[in-house]
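> Only the shape, not the letters, is given here:
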DNA sequence: CTAAATCTCTTAGTGACTAAGATATATATC
DNA sequence: GATATATATCTTAGTCACTAAGAGATTTAG
């Protein structure tokens, strides 16, 4: 087997492995939402709030791909559960900032403990240098996926009949 | 800063980076489902079928965490779209095997091309040895997440009042 | 042969979503 | 400063995928 062929096989295995683990990651998230008793998108928004800090309702819609109307519902539910707070922007009173209530949100955070422990255990087998490689990959991978998402969204804006031969019409509900 | 503290910081960064990229992965999947015009769970099932091959309806329910009733709906929609076929098991006629229709499912596969291209580009910057490290990590990470999911599911089966101090009752709808 | 178990499907009801438009506030133009 | 347009969120009506419960079909155990 040639050297390049070995690499191709490696890449394919890698793709499958990543697909599998990311699928399992999705299932973990679903389980968290289930245990917490909140909807999946609600948890997704909590995650965004955790990563981005205080964000506007519109920004949540933008990032999640939900309509602003749906976000109103998400925030209503999260607010009722005491997980977030609505705060009107004093400078631009149309805007509503959503921020987490740390004391309550902590309880959600605890549901990630099994995951963190599992990952710590995995990480413990790697040297600092190896971890830096993984970090580099995660960072670059994120950018790649982000770009790919934008590319794919581009297809949505292209009128269906002009899309490059996917012929998806028959698949639509 | 001590050596262990540096590592702790590295681990934290790594966790954030992985969280971000996996969240973006979820969004990519949502976009695929959107462009294809199928529901999110329908796509998830297509993914499972791709990874596991021909599986029973019950197995789909098990892996996705949906009820068997919901799976009936998923398979109905996928079958109507021509993406899968139902096949009764001749040996045990209660079972229904679901298998993809390759010619049609290919069209869904094409929606992953932007992602594959992005990842190829990322991978191209790594040596074979580095890729092997990534593969090892993806494989171990999968096992870790799988175990963590099971651990978390365990909480669901524990009666709420016996759960280790999460006090989630107030969060339930 | 009967009872229990297993696997999928059906039904009724619920909840989260979209599309469209209402409301409130901000910015631009005259 | 008044009017028109733009922006940000919320409301409403309708839709679709989900769950819970149980029915139907088949297999396995006694």
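Received it, and whenever you're ready, just let me know what you need. All values derive from a computational prediction rather than experimental measurement.

> Skipping its backbone neighbours, what lies nearest residue A:97 in space?
Using Cβ to Cβ, 6 or more residues apart in numbering or on different chains and skipping the chain neighbours, the partner closest in space to residue A:97 is residue A:87 (4.6 Å). Where C-beta positions appear, they are placed from N, C-alpha and C, glycine not excepted.

> what phi and what psi does the backbone show at the one you found?
Backbone torsions for residue A:87, taken as degrees, to the nearest 10, come to phi -140, psi 120.

> Does the lengthiest helix in chain A reach DNA strand D?
Across chain A, the longest stretch assigned as helix under DSSP state H is helix A:3-36. No. Where contact is defined by Cβ under 7 Å from any atom of the strand, no part of helix A:3-36 touches DNA strand D; the two come within 8.6 Å at best.

> What's the first helix or strand after that helix?
Of the helices and strands lying after helix A:3-36 in sequence (DSSP states H and E), the nearest is helix A:40-52.

> That following helix vs DNA strand D: in contact?
No. Legend: contact between helix A:40-52 and DNA strand D by Cβ under 7 Å from any atom of the strand is lacking; minimum distance shown is 9.6 Å.

> Touching that helix from outside, list them.
By Cβ atoms under 8 Å, 6 or more residues apart in numbering or on different chains, the list of residues contacting helix A:40-52 from outside reads A:29-30, A:32-33, A:36, A:38, A:55, A:59-60, A:63-64, A:66, A:70-71, A:74-75, A:77-78, A:83-84, A:98-100, A:105, A:108, B:16, B:19-20, B:23, B:26.

> Please repeat the previous calculation with a cut-off of 7 Å.
Counting by Cβ atoms under 7 Å, 6 or more residues apart in numbering or on different chains, helix A:40-52 makes contact with A:29-30, A:32-33, A:36, A:55, A:60, A:63-64, A:66, A:74, A:77-78, A:83-84, A:98, A:100, A:105, A:108, B:19-20, B:23, all of which sit outside it.

> for stretch A:75-82, same thing?
Stretch A:75-82 has contacts (Cβ under 7 Å, 6+ apart) with A:38-39, A:42, A:45-46, A:57, A:84-86, A:98, A:101, A:104, B:171.

> Reformat these as CSV; add distance to DNA strand C.
Below are the contacts of stretch A:75-82 laid out as CSV (distance: Cβ to the nearest atom of the strand, whole Å):
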residue, distance to DNA strand C
A:38, 7
A:39, 4
A:42, 7
A:45, 9
A:46, 13
A:57, 12
A:84, 14
A:85, 19
A:86, 14
A:98, 14
A:101, 19
A:104, 18
B:171, 12
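
> buried subset of those?
When these are checked for burial by 16 or more other Cβ atoms under 10 Å in any protein chain shown, the buried set is A:38, A:39, A:42, A:45, A:46, A:57, A:84, A:98, A:104, B:171.

> got the residues of chain A near DNA strand D?
On the criterion Cβ under 7 Å from any atom of the strand, DNA strand D has as its neighbours in chain A the residues A:56-59, A:61, A:67-69, A:71-73, A:75, A:86, A:92, A:94-96, A:173.

> Can you say which of these are buried?
Listed as buried from those are A:56, A:57, A:59, A:61, A:71, A:75, A:96; burial here means 16+ other Cβ under 10 Å.

> burial measure for the nearest residue to the third one once chain neighbours are set aside, as a count.
To tie it back to what came earlier, the one meant is residue A:59. Once its chain neighbours are removed from consideration, residue A:59 has its nearest residue in residue A:52; the separation is 7.6 Å (Cβ to Cβ, 6+ apart). Each residue near residue A:52 was counted by other Cβ atoms under 10 Å in any protein chain shown, and the total is 11.

> For residue A:52, give its distance to residue A:141.
Here the distance between residue A:52 and residue A:141 works out to 19 Å (Cβ to Cβ, to the nearest Å).

> Same check on residue A:47?
Shown here: residue A:47 relative to residue A:141, a distance of 18 Å by Cβ to Cβ.

> Same check on residue A:45?
Residue A:45 sits 23 Å away from residue A:141, taking Cβ to Cβ as the criterion.

> swap in residue A:28?
18 Å.

> Likewise for residue A:125?
Using Cβ to Cβ, one gets 20 Å for the distance from residue A:125 to residue A:141.

> okay, the two: which has more neighbours?
Taking residue A:125 and residue A:141 together and counting by other Cβ under 10 Å, residue A:141 has the greater number of neighbours (24 against 10).

> quick check: angle from the helix or strand hosting that one to helix A:3-36?
Using DSSP H and E, the element containing residue A:141 is helix A:128-157. Computed with axes from the mean of the first three to the mean of the last three Cα atoms, to 10 degrees, the direction of helix A:128-157 lies at 80 degrees from that of helix A:3-36.

> Next, the buried residues of helix A:128-157.
Using 16+ other Cβ under 10 Å, the residues of helix A:128-157 that count as buried are A:131, A:133-135, A:137-142, A:144-149, A:151-153, A:155.

> What residue spans form the domains of chain A?
Per automatic domain parsing, the structural domains of chain A span A:3-125, A:126-173.

> hey, least reliable of the ones you listed by pLDDT?
Sorting the domains of chain A by mean pLDDT places domain A:126-173 lowest, at a mean of 76.
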